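>>> how does the following fold in three dimensions:
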Amino acid sequence: MIKIASTLLNNAVKSSLLVVLCVFMFTSCNNTKKTPLNIKEFLSQTHVDSIYPSANQIKMLEAVMPKKTYQPSPSIIDRDYWDRIAATESGKDYIKVALSKFEKKPEVPITDSIYRLANKQGNRGIYKPRYYRTMDRLEHYILAECLENKGRFLPQINIYSHAILDMKSWLHPNHDDNDNGVLEGRRVSIDLGARKFGSVLALAEVLLGNKLEKGLSDEITTQLQWRIIDSYLKSCETLDKNNKWIKSTSNWNSVCTSGSVFVSISIAKTEKERIGAIGSALNSMKYYLSGFSTDGYCSEGLGYWGYGFGHYLYLAQIIYDYTDGNINLFEADNPLKLKNIGNFPEKFEIQNGRCAPFADGVSSISKKGSNFAYVLSAKKYGAIKPTELRLEEAVEQLISWSDPESFTFKKNTDKEKLEFPDYSYFEDFGMVISRGKQKVPFSIAIKAGHNAENHNHSDVGTYTIVLNKDIMTGDIGAPSYIAGSFSPKNKARSSWGHPVPRIDGTLQSNGKEFLGNIISSEFTKTNDKVIMDLKWAYKLAALKSLVRTMENDKSGEGTITIQDSFSATKPVEFGVAIMTLSDYKIIDSTTVLLITENQKLKAEIFGSGGQIKITDELVPVEYLREQGLAYRIGVDFTQPVRQGSITIKYTPVFE
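This is a model prediction of the structure:
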């Protein structure tokens with residue numbers, strides 16, 4: 001009897017141990033943490049001639065990718081989540097905004113005639129506002145319906161979704177080819193508009209599902225497959241004319257990729273497509289990030305930094321969330337470079353909210369539009385946190401609701417201004433900002449660079465001078481984006497329209513080989529000096545040397561001097577330019593007074609090697625992004641000379 005009892009006890013213990021062991025093994029299997037993807041190793045396995053992931057890359061992704069589709073937030077049926085968000089101030093405000101748009105009709109499709117006219121003229125005004133107002137309203141209706149769950153936004157969501165699905169082309173018309181191939185159905189392409197249309201419809205599908213009217217969900221899925229997923233993956237496998245941006249270093253790459261990937265991982269039914277999309281994005285982002293210097297300089301300027309890098313961070317966040325942090329594009333294969341990129345804005349601002357409008361950049365720190373890039377850069381890279389939140393896209397809003405701590409701001413009670421360093425020097429691109437710290441600060445931004453930068457203006461050696469809050473002289477910025485604005489014949493996009501030399505009637509040439517080099521720099525509290533070699537920006541056999549020297553004497557009220565010295569194998573015509581959007585007076589043959597509403601700046605001209613003449617003329621460009629008229633005040637030798645120099649000395653005038 002005792003033996004039997006002992007046997008039963010032993011069996012019970014063994015059984016218990018077996019149960020414990022099974023539970024342990026089950027728990028261990030389900031809690032096995034995947035090894036994060038080594039992006040540097042991943043990129044080393046890239047196809048030479050394709051963006052699509054190689055066989056080795058696919059294996060690496062299979063080890064870290066989930067099997068399910070991406071869910072950017074809980075769907076509308078998760079009332080615990082959405083009711084909690086709806087109770088917040090942000091949720092309440094979002095519903096108010098959605099209600100303010102409630103009765104408005106969709107503004108698409110636009111007619112074929114307007115599409116063709118916009119394509120021919122490059123006229124964005126007759127279609128772009130309609131596109132983006134339509135998408136903005138639909139995004140608000142979708143999230144507001146999730147917050148409320150009353151059904152009152154559903155009729156508008158259905159109407160707007162059908163309007164978008166009825167569009168023959170989702171492209172901005174000026175991004176179609178001259179024969180309107182996408183409109184006519186001969187090909188499919190993704191651009192800045194199409195990726196947004198796709199993302200908004202994908203959001204409706206994954207958040208609202210069977211709340212949509214019968215058949216709409218299937219139609220959304222069908223169209224997203226051929227308009228976005230198939231088009232994107234096909235171009236990644238074999239680069240074609242439809243989506244050339246996948247190898248671009250410009251904002252197009254990050255913006256279009258983020259939308260294409262969002263649609264692919266949330267809508268694509270096969271794991272192969274989702275892996276293909278993320279693998280392609282990782283390979284593609286290598287090109288995008290190569291457009292920045294290692295010290296973080298963005299040649300596209302602050303506006304495109306916010307737009308392009310903001311969408312890179314959007315892409316990084318959705319991939320990070322989707323893979324439980326196992327794919328980390330916030331660091332990618334170069335964490336230090338990403339940190340430098342994230343901290344670019346505070347290093348690029350000249351003073352008082354002003355920045356250089358080089359290439360197609362902006363001249364002011366924007367107080368409008370999304371500041372998503374600034375917020376995530378503060379979180380991920382230690383950049384200065386904004387004092388307010390401005391979001392434009394629904395996915396950005398979803399990310400903010402999932403991380404309220406990072407997206408919550410107190411009103412700015414600190415009256416002290418950001419203390420800028422005395423200078424910023426982006427060595428890779430030869431970009432310098434020399435800041436005066438006078439009572440009325442007087443500063444300059446000047447760059448060497450090369451003539452294959454994004455949005456290139458053939459402007460090696462260009463500069464911008466700021467007195468207090470006013471841009472007084474220098475770069476006049478970008479021509480507005482209309483037909484012909486990107487033509488090399490557009491004078492605002494050539495070195496003719498920039499404060500750089502013109503030699504024997506020759507302007508700077510285009511290409512990465514046409515560049516400037518900073519050969520000497522010196523920075524002190526009272527004086528900054530930069531010397532750059534500009535010879536290589538010109539395809540001119542007779543030119544032996546061309547050196548531009550910038551000196552910022554910060555003593556007193558300040559003086560900024562630009563000197564151009566040259567030599568040639570024969571006498572050549574030589575001149576420089578004072579460019580301005582301001583009023584001006586030519587005082588005499590060697591003095592010009594530049595005048596804004598608040599400031600005056602005197603430009604004194606000195607020539608060595610010959611006589612100087614001044615000739616002013618209107619820049620013949622009807623539409624400039626900076627608005628108003630621009631003038632080129634030419635400063636030229638009256639006769640060809642073999643060598644010489646022209647010096648322009650800028651001094652503030654206070655009355």
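
>>> tally of neighbours for the closest residue to Y307 other than its chain neighbours?
Leaving out its chain neighbours, the residue that sits closest to Y307 by CB to CB, 6 or more residues apart in numbering is N251, at 5.3 Å. Using the backbone N, CA and C atoms, a C-beta is placed for each residue, glycine as well. Counted with other CB atoms under 10 Å, residues neighbouring N251 total 26.

>>> N251 touches E300, doesn't it?
Yes - between N251 and E300 there is a contact at 6.2 Å, judged by CB atoms under 8 Å.

>>> for the stretch 301-450 of the chain, which segments are assigned as strands?
423-426, 431-434, 442-447, 450-451 (DSSP state E, counting those that start in this stretch).

>>> would you mind finding the most buried of the ones you listed?
Mean neighbour count (mean count of other CB atoms under 10 Å) peaks for strand 442-447 among those, with a mean of 28.

>>> that one: partners in the sheet, and parallel or antiparallel?
Here strand 442-447 has these sheet partners by DSSP bridges: strand 431-434 (antiparallel), strand 463-467 (antiparallel).

>>> worst mean pLDDT among the strands of the stretch 301-450 of the chain?
If you rank these by mean pLDDT, strand 450-451 sits at the bottom with a mean of 93.

>>> residues in contact with it?
458-460, 508-516, 537 (CB atoms under 8 Å, 6 or more residues apart in numbering).

>>> same question for stretch 50-65.
By CB under 8 Å, 6+ apart, the residues outside stretch 50-65 that reach it are 34-38, 41-42, 45-47, 233, 235-239, 246-247, 271, 274-276, 278-280, 282-284, 323, 326-327.

>>> buried members of those into ChimeraX, please.
The buried subset of the contacts of stretch 50-65, as determined by 16 or more other CB atoms under 10 Å, is captured in ChimeraX by this line:
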select :37,42,45,46,233,235,236,239,246,247,274,275,276,278,279,280,282,283,284,323,326,327
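
>>> for the closest residue to E557 other than its chain neighbours, give me its contacts.
Nearest non-adjacent residue to E557, counting by CB to CB, 6+ apart: P652, 5.1 Å away. When the contact criterion is CB under 8 Å, 6+ apart, the partners of P652 are 440, 442, 467, 557-558, 599-602.

>>> what pLDDT does P652 get?
What the model reports as pLDDT for P652 is 98.

>>> who's it bridged to?
Under the criterion used (DSSP bridges), P652 bridges to L601.

>>> distance of it relative to I465?
Going from P652 to I465 by CB to CB, to the nearest Å gives 10 Å.

>>> one more: A478?
For A478 relative to I465 (CB to CB), the value is 18 Å.

>>> now name the helix or strand holding the residue lying closest to P640 once chain neighbours are set aside.
Nearest residue to P640 in three dimensions, chain neighbours excluded: P571, at 3.7 Å (CB to CB, 6+ apart). Following DSSP states H and E, one finds P571 within strand 559-572.

>>> strand partners (parallel or antiparallel) of the helix or strand following that strand?
For strand 559-572, the following helix or strand on the C-terminal side (DSSP H and E) is strand 574-580. If you go by DSSP bridges, strand 574-580 pairs up with strand 502-503 (antiparallel), strand 631-637 (antiparallel).

>>> from the rest of the structure, what touches the following helix or strand past the shortest one?
Scanning forward in sequence from strand 502-503 by DSSP H and E, the next helix or strand is strand 511-515. In this structure, residues lying in contact with strand 511-515 by CB under 8 Å, 6+ apart are 448-452, 458, 460, 508, 536-539.

>>> between those, which is closest to D528?
Here the nearest of the contacts of strand 511-515 to D528, counting by CB to CB, is A448; it sits at 15.0 Å.

>>> might one say that the closest one is in contact with E427?
No - judged on CB under 8 Å, A448 makes no contact with E427 at a distance of 10.0 Å.

>>> higher neighbour count, the two?
Set A448 next to E427 and count neighbours by other CB under 10 Å: A448 wins out with 23 against 13.

>>> that older thread, which among the strands paired with strand 574-580 is found nearest to T549?
Comparing these by CB to CB, strand 631-637 comes nearest, at 15.8 Å.

>>> how far off strand 559-572 does that closest one point, in degrees?
Put simply, strand 631-637 runs at 60 degrees to strand 559-572, going by axes from the mean of the first three to the mean of the last three CA atoms, to 10 degrees.

>>> I'd like the mean pLDDT over strand 631-637, please.
Strand 631-637 shows a mean pLDDT of 97 in the predicted model.

>>> hmm, back to that, next one: the residue nearest to P640 relative to W496, how far apart?
From P571 to W496 the distance is 22 Å (CB to CB).

>>> that older thread, now, which of the contacts of stretch 50-65 lie within helices?
Under the assignment DSSP state H, the contacts of stretch 50-65 contribute 41-42, 233, 235-237, 271, 274-276, 278-280, 282-284 to helices.

>>> which one of those sits closest to V547?
Taking CB to CB as the measure, V547 lies nearest S284 of the ones in helices among the contacts of stretch 50-65, at 39.8 Å.

>>> that closest one reaches I246, doesn't it?
Yes - assessed by CB under 8 Å, S284 is found in contact with I246 at 4.9 Å.

>>> which residues do those two both contact?
Common neighbours of S284 and I246 (criterion: CB under 8 Å, 6+ apart): 51, 236, 253, 257.

>>> in helices, which of those appear?
Counting by DSSP H, the shared contacts of S284 and I246 contribute 236, 253, 257 to helices.

>>> about what we covered before: can you select the buried ones from the contacts of P652 in PyMOL?
Buried subset of these, written as a PyMOL selection, criterion 16+ other CB under 10 Å:
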select buried, resi 442+467+557+558+599+600+601
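
>>> picking up where we left off before, from the ones in helices among the contacts of stretch 50-65, pick the one nearest S293.
Proximity of the ones in helices among the contacts of stretch 50-65 to S293 (CB to CB) peaks at S284, which lies at 19.4 Å.

>>> for Y320, see how far away the closest one is.
Distance, S284 to Y320, using CB to CB: 17 Å.

>>> and of the strands paired with strand 574-580, who's closest to V200?
strand 631-637 (43.7 Å).

>>> check the offset of that closest one from the chain's centre.
Computed by CA atoms, centre = their mean, to the nearest Å, the separation of strand 631-637 from the middle of its chain amounts to 34 Å.

>>> what of stretch 359-379?
On CA atoms, centre = their mean, the centre of stretch 359-379 falls 9 Å from the chain's centre.

>>> swap in stretch 584-599?
For stretch 584-599, the distance to the chain centre is 36 Å (CA atoms, centre = their mean).

>>> okay, and the common contacts of N251 and E300?
Residues touching both N251 and E300 by CB under 8 Å, 6+ apart: 308, 454.

>>> show me where the chain dips below the pLDDT cut-off.
1-32, 410-418 (pLDDT under 70).

>>> please repeat the previous calculation with a cut-off of 80.
The model of the chain has pLDDT under 80 over residues 1-33, 410-419, 481-489.
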